[in-house]
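**Q** Return atomic coordinates for the entry below.
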Amino acid sequence: MFRRRAPSVNLARAVLPEPCGWSHARNEGTHSVREVFQQELREVQDRLVEIATLVATSIENATRAFNESNISLAETVIADDEKIDIAALQLDELAINILARQQPVARDLRIVVSALRISSSLERMGDMAEHIAQLARYRFPDKVVPKSLRGTFSQLGELDVAIARKLVELLTTEDVKLAEEIRNDDDKIDALHLSVFDKVLGETWKGAAVDTVDATLASRYHERFADHAVSIAKKVQYLATGDWVTPSN
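**A** I've put the predicted structure just below:
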């Protein structure tokens with residue numbers, strides 16, 4: 001799945017060579033098993049990228065539905081969430097099957113276990129996109145939030161879409177610079193999220209109770225979407241570099 005370190009030398013085998021025929025047969029079998037295992041790990045990575053791509057499409061459509069009060073896009077996001085759920089479930093089954101058959105250890109074990117956790121985060125990101133789309137459907141034909149907050153939610157949507165696209169690229173390329181960019185975008189979303197609370201709790205807020213609830217929920221969904229992306233980015237960065245990123249705040 002991710003770049004691997006050079007294998008260590010088996011000194012015992014080097015000192016005590018086996019008869020040529022037996023050694024060749026066993027090496028062929030070991031090589032074949034290892035190739036299958038590596039192919040399965042590549043399939044795990046490919047499936048993660050596929051799920052992340054579905055999530056990116058989902059959040060892009062959800063934010064458009066939210067900001068434009070587009071009922072058709074909202075219904076599409078809600079219906080397509082099942083595809084993300086099924087894909088995540090299938091990936092989990094593959095990973096569990098690998099654990100049972102291959103019994104990976106050390107780095108290989110961390111890769112498979114991390115894939116399970118990343119799959120769960122991607123599934124939750126899909127849920128956040130669905131929740132945003134549901135708000136658009138519930139309030140149709142009206143806009144979900146008052147005019148005074150639409151600029152803020154437009155920025156939240158743009159940042160979430162950017163994060164989702166970077167996450168697809170990160171899972172594809174393992175370019176750890178993208179992990180840092182995702183965390184920086186998350187900081188911007190956190191600031192916008194706080195500004196929504198400041199607005200709805202301020203003395204000048206004139207929105208109705210339903211407006212307050214909708215704005216609070218929508219902001220939270222955007223913020224949680226980004227948080228799950230950061231969690232994934234940290235896991236990928238750890239697997240690629242061996243360095244675990246500790247939050248600075």
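**Q** Just read off the phi/psi values of residue 195.
**A** Per-residue torsions, residue 195: phi -70, psi -30 (degrees, to the nearest 10).
**Q** ok, it to residue 159 distance?
**A** Distance, residue 195 to residue 159, using C-beta to C-beta, to the nearest Å: 13 Å. In short, each C-beta sits where N, CA and C put it, glycine included.
**Q** next one: residue 40
**A** For residue 40 relative to residue 159 (C-beta to C-beta), the value is 35 Å.
**Q** now residue 44
**A** 28 Å.
**Q** do residue 119 as well
**A** Residue 119 is 23 Å from residue 159, by C-beta to C-beta.
**Q** Counting neighbours, go ahead and name the busier of the two.
**A** The residue with more neighbours, out of residue 119 and residue 159, is residue 119; 24 against 20, by other C-beta atoms under 10 Å.
**Q** Now do the host helix or strand of that one: which elements does it pack against?
**A** Here residue 119, judged by DSSP states H and E, is contained in helix 106-139. Applying 3 or more C-beta pairs under 8 Å, 6 or more residues apart in numbering; DSSP states H and E, one finds that helix 106-139 contacts helix 20-68, helix 71-102, helix 209-241.
**Q** nearest to residue 166, of those helices?
**A** Nearest of these to residue 166, taken as C-beta to C-beta: helix 209-241 at 8.0 Å.
**Q** Ramachandran angles for residue 168?
**A** Per degrees, to the nearest 10, the backbone of residue 168 is at phi -60, psi -50.
**Q** burial measure for it, as a count.
**A** With other C-beta under 10 Å as criterion, residue 168 counts 20.
**Q** again with the one 5 residues further on
**A** In terms of burial, residue 173 registers 13 neighbours under the definition other C-beta under 10 Å.
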